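>>> After the sequence you'll find the predicted model.
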Amino acid sequence: MPLWLFTFLAVIAIVGAFGVILQRSPVHCLLALALTLVDVGVLFVGLGAVTLGFLQIIIYVGAIMVLFLFVIWLLNLQSEAKPNGHLALKFFGSIGAAALAAELSVFFFSAQPISRVTSTPSGYGSVEDLARMLFSDYLVAFEVTSILLLAALAGAIALARRVPGAALLRAPAEIQRAARPGSTVR
Amino acid sequence: MTQSFPALGLIVLFPALGLLFNLFWGQRAGRPAVSFVAPAMIFLSFAVALWGLARLLALPAGSALGFTLWRWIEAGPFHADIALRFDALSAVMTLVVTGVGAVIHVYSVGYMADDEDYARYFTYMNLFELAMLVLVLADNLLLMFIGWEGVGLCSYLLIAFWYGNPQFAYSGRKAFIVNRIGDAGFILGILVIVGALAANGVWTLTFAGMHAHAVLLRPVAVSAGLLLFLGATGKSAQIPLYVWLPDAMVGPTPVSALIHAATMVTAGVYMIARLNFLFTLGPEAMRVVAIIGALTSFFAATVAIVQSDIKRVLAYSTISQIGYMMLGVGVGAFAAGIFHLMTHAFFKGLLFLCAGSVIHALGGEQDMNRMGGLRHKLPTTWVTMLVATLAISGVPPFAGFFSKDLILESAYTSGHIWLWLLGVITAGLTAFYMFRLLFMTFHGQSRVAPDTAHHVHESPPVMTIPLIVLAVLSAVGGLVGLPNGVLWGDAFKRFLAPVVEGTAARALTHPETIGAVGAILSAIAIAAALIGITLAWVLYLRNPDLPETLAERMRGLYRIVARKYYVDEIYDLIITRPLFWGSTYVLQRGVDSLVIDGIVDGTGFTVEESGEGLRKLETGNVQHYAFVYLLGVLMIAAYYIYLVMR
Amino acid sequence: MTTPIGYFMALSAVLFAIGVAGMLIRRNVIVMFMSIELMLNAVNLAFVALGRRVGSMDGQVIVFFVMTVAAAEAAVGLAIIISLFRSRETLNADELNLLRW
């Protein structure tokens, strides 16, 4: 992929990421995250993983981010108040993250000389190739993952379920108003 | 040479069986059963011992019968067995222990008839016989020490038999602890011996083995001898560890007769005689033994003359007589010491049993000032006691004369003139206080309290027959050791000679006394005894008020002697109190409370506090946890960078 | 003018670090969760890039699985957050501190 394209996409990604962690309102953070993820999807396509890129946009952005959005709405989250304490944590946390980035970069740049992107076999990144790998070398993982999804499905339902007959039908405002110290889900 | 004789095991087995029976079934089986089993077992042991003696006499002189029960210790080159040895010396001791023991057991049946803890008494008595027999029959020093400790234990158990009385319990403890101090010396002595032998590659503690390598013991003979003698002073109640014996009189009288007159207290003498090859290599140690023996003898006799408790007089008399035995073995006359040991068992045992008879008749009275005139009410007791008193005073032809005479003669001829003189004076004192005892108890006006005077009666046959048996022995028992040239002469000494007179011992022997000198010495001794008797007669029969007047005149001296020279008080001041002080203030408050509790509590405290501190790490804030996680990742990444950089 | 793979890796590292920072800085639990998703995607990017470098499909397959697991994890995590909110009425990390000593 041409360098200028990469740079452009990289900048968008970084800006979006900073938006995620710096915005006050959760919904704004979410939108920034969606931007970043779409960007990453494009980067996938640029790297030759076409299927994966589209899958990223469809699944990640289209499903998972929407899920996040639903939860934010369900819980009627408001923006955070003004930045509160924990300055020490924020300070050191930022430094730690920066140090991490630096260390990783050192890795990547000081290891073997990384050459240009090499040529790839035809059909690289196509649905066909991906499927072939999934159903031959990684068959067990594939099957296990399906069970994992089933477990996650059941778990999510069980966790988020309410005692029957309770205020599932209540308006969100009422949920917030009602003080329910003892209401456990199960 | 040593012949194997398995029946030796029976000698030890019978008391053990008696012990087990009385221990587990004594209460249930009832008095008649216990009364039969306990003495019977000892009689059986006595019978086997006689059989052994017959066997032994058929063998050449210097032989022994042996029997190994099992191998006890095996540690590299060293081993010790549970093995018995029956030679001339142990034959004499075994016969005394079982013979006199059996008689006293029978007597006890009568004496303890009214006691509640009947079975327990005989359990302990049988246990004692077992331990004592192990002591005298042991063929190695370690097994002998086990018997040594065992009799110490039984002594404690029996002294404090009526433990409900705190004073009695105290006496038992005192006996055990003072004994223990001696035992420490004994153990150190054993270690010194082992050290000397092991340094030359000899790893045995059997008497035969040690005798064979006796020359290796020469460098340590004095130290080992003195240490072992310290143990003997504890067990045999000599200076400085005799203080327990007078207090031990709180136990039942048959116990005093058996343990504290006839057998246990003589264990020290036996030990020295058994180890004669060691002691003769260290003349300095032997001199100490002789001097202490003579001093103890004199000293105890002086205390005895002013005691009013009948058993206390006999206790100090025992201490005094054992002093004689120590004097005997100290000058090298081992056979003489053992001879006196045997005769003493007869007459002192008898004296205690007679005293018990009197006490029993008077319903528990032991103060001679409240006795008197009992001669006609207790005829058998009186006659037998008279025989015993004559024996102990050294009046021929009773037993004590021959043995005491032999010791004094050996002292003289080995050059210890001063010790001989001391012994003669003590003989006079002995006669004095013994006849004082006799006169105060049986003769003169009756000072018995009126209400007890009513039921004063002679003891039952079960008690008087043992008295008669012992009286006969006290009368004729000395005839086995007549002076040279008279009838069969020195049979006893010849019998023991191969055991107690090795080459080294022979170097110490004194020339056999020539007729005239021996006769003069004997005459002096007899004269001393007669003077003592006369004095007693004067003071206690002719002029009964004289003793009081004399006591008044010499009030200070009298008080010191009556208070046993304040030895107990001195010991208490010098030893007991500092020990208690040290234990309380230094050890208990200092070491225990501060150091040990400090460590234990401190450990707990440290753990607690550090736990308190560490729990602050759990803030409950997930981000804190994540941060620490990040730090970890950073460190690992740094490590990899470091690897890559190299 | 093709870009060296290293640049992709660097971008991945930066995105990851930003995700870590967000995780540590924000109070709101949902936003923390979003930072986690950001981290996951950064890693996905790295995988794809390396797979391209080597020329095999393995990188993509791994990403496939990572995506799946991330979806499952998101579902369950959000369900937990919902029930948390129901019982505690707050999503401020400061007040979700039952594990405190």
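Cool, got the structure.
>>> Let's test this: what are the backbone torsions at B:Glu74?
phi -140, psi 110 (degrees, to the nearest 10).
>>> domain parsing for chain A?
A:1-80, A:138-186 (automatic domain parsing).
>>> Would you format those as CSV with mean neighbour count included?
For the C-beta atoms, the positions are set from N, CA and C on the backbone; glycine is no exception. Formatted as CSV, the domains of chain A follow (neighbours: other C-beta atoms under 10 Å in any protein chain shown):
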stretch, mean neighbour count
domain A:1-80, 19
domain A:138-186, 13
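>>> closest one to B:Ser317 among those domains?
Shortest distance between B:Ser317 and the domains of chain A, using C-beta to C-beta, is found for domain A:138-186: 93.9 Å.
>>> Show me the shaky parts of the chain.
Assuming you mean chain A. A:1, A:80-85, A:110-120, A:163-186 (pLDDT under 70).
>>> I was thinking of chain B, sorry if that wasn't clear
Scanning chain B for pLDDT under 70 picks out B:481-490, B:501-516.
>>> domains for it, by residue range?
B:2-561, B:563-615, B:622-646.
>>> could those domains go into CSV alongside mean neighbour count and distance to A:Ile57?
Shown next, in CSV, are these (neighbours: other C-beta atoms under 10 Å in any protein chain shown; distance: least, C-beta to C-beta, whole Å):
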stretch, mean neighbour count, distance to A:Ile57
domain B:2-561, 21, 86
domain B:563-615, 11, 47
domain B:622-646, 14, 29
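>>> So for chain A, which of those sits nearest?
If you check each of the domains of chain B against chain A by C-beta to the nearest C-beta, domain B:622-646 wins as the nearest, at 4.3 Å.
>>> Give me the contact list for that closest one.
Domain B:622-646 is touched from outside by A:86, A:89, A:92-93, A:96-97, A:99-100, A:103-104, A:106-107, A:110-111, C:20, C:23-24, C:32, C:93, C:96, with contacts defined as C-beta atoms under 8 Å, 6 or more residues apart in numbering or on different chains.
>>> change it to 7 Å
With contacts defined as C-beta atoms under 7 Å, 6 or more residues apart in numbering or on different chains, domain B:622-646 is touched by A:89, A:92-93, A:96, A:99-100, A:103-104, A:106-107, A:110-111, C:20, C:23-24, C:93.
>>> which of these are buried?
Neighbour counting with 16 or more other C-beta atoms under 10 Å in any protein chain shown marks A:89, A:93, A:96, A:99-100, A:103-104, A:106-107, C:20, C:23-24, C:93 as buried within the contacts of domain B:622-646.
>>> Can you name the element that comes right after the helix ranked longest in chain A?
Counting by DSSP state H, the longest helix found in chain A is helix A:87-110. From helix A:87-110 onward toward the C-terminus, using DSSP states H and E, the following helix or strand is helix A:127-135.
>>> Which positions within that next one qualify as buried?
A:Asp129, A:Leu130, A:Met133, A:Leu134.
>>> For that helix, give me every contacting residue.
For helix A:127-135, the external contacting residues (C-beta under 7 Å, 6+ apart) are A:Thr51, A:Gly123, A:Phe142, C:Met57, C:Gln60, C:Val61, C:Phe64.
>>> which strands and helices sit next to the helix or strand that that helix is followed by?
Counting by DSSP H and E, the next helix or strand C-terminal to helix A:127-135 is helix A:139-160. Judged by 3 or more C-beta pairs under 7 Å, 6 or more residues apart in numbering or on different chains; DSSP states H and E, helix A:139-160 is in contact with helix C:58-88.
>>> average model confidence for the helix it packs on?
In this model, helix C:58-88 carries a mean pLDDT of 90.
>>> Does that helix reach chain B?
No. Remark: helix C:58-88 sits outside contact range of chain B, by C-beta under 7 Å from any C-beta of the partner chain, the gap being at least 11.7 Å.
>>> how about that helix: buried residues?
C:59-65, C:67-68, C:70-86.
>>> could you dump the longest helix of chain A to PDB, C-alpha only?
Taking Å, rounded to 0.1, in the frame of the first residue of the first chain, the C-alpha atoms of helix A:87-110 are listed here in PDB:
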ATOM      1  CA  LEU A  87      -4.300  12.200  39.200                       C
ATOM      2  CA  ALA A  88      -1.400  10.000  40.200                       C
ATOM      3  CA  LEU A  89      -2.900   7.100  38.500                       C
ATOM      4  CA  LYS A  90      -3.600   9.100  35.300                       C
ATOM      5  CA  PHE A  91      -0.200  10.500  35.300                       C
ATOM      6  CA  PHE A  92       1.700   7.300  35.800                       C
ATOM      7  CA  GLY A  93      -0.700   5.400  33.700                       C
ATOM      8  CA  SER A  94       0.000   7.600  30.700                       C
ATOM      9  CA  ILE A  95       3.700   7.400  31.200                       C
ATOM     10  CA  GLY A  96       3.400   3.700  31.500                       C
ATOM     11  CA  ALA A  97       1.500   3.500  28.300                       C
ATOM     12  CA  ALA A  98       3.900   5.700  26.500                       C
ATOM     13  CA  ALA A  99       6.800   3.500  27.800                       C
ATOM     14  CA  LEU A 100       5.000   0.500  26.500                       C
ATOM     15  CA  ALA A 101       4.700   2.000  23.100                       C
ATOM     16  CA  ALA A 102       8.300   3.000  23.100                       C
ATOM     17  CA  GLU A 103       9.400  -0.500  24.100                       C
ATOM     18  CA  LEU A 104       7.400  -2.200  21.500                       C
ATOM     19  CA  SER A 105       8.700   0.200  18.800                       C
ATOM     20  CA  VAL A 106      12.200  -0.600  19.800                       C
ATOM     21  CA  PHE A 107      11.400  -4.200  19.300                       C
ATOM     22  CA  PHE A 108      10.000  -3.800  15.900                       C
ATOM     23  CA  PHE A 109      12.700  -1.500  14.700                       C
ATOM     24  CA  SER A 110      15.700  -3.100  16.100                       C
END
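>>> so which of the contacts of helix A:127-135 comes closest to B:Glu458?
Closest to B:Glu458 out of these is A:Phe142 (114.5 Å), distances taken as C-beta to C-beta.
>>> returning to what we had before: put together JSON lines for the buried ones among the contacts of domain B:622-646, with distance to B:Trp382 on each row.
Output for these, formatted as JSON lines (distance: C-beta to C-beta, whole Å):
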{"residue": "A:Leu89", "distance to B:Trp382": "108"}
{"residue": "A:Gly93", "distance to B:Trp382": "111"}
{"residue": "A:Gly96", "distance to B:Trp382": "110"}
{"residue": "A:Ala99", "distance to B:Trp382": "113"}
{"residue": "A:Leu100", "distance to B:Trp382": "113"}
{"residue": "A:Glu103", "distance to B:Trp382": "114"}
{"residue": "A:Leu104", "distance to B:Trp382": "117"}
{"residue": "A:Val106", "distance to B:Trp382": "118"}
{"residue": "A:Phe107", "distance to B:Trp382": "117"}
{"residue": "C:Val20", "distance to B:Trp382": "113"}
{"residue": "C:Met23", "distance to B:Trp382": "112"}
{"residue": "C:Leu24", "distance to B:Trp382": "110"}
{"residue": "C:Ala93", "distance to B:Trp382": "108"}
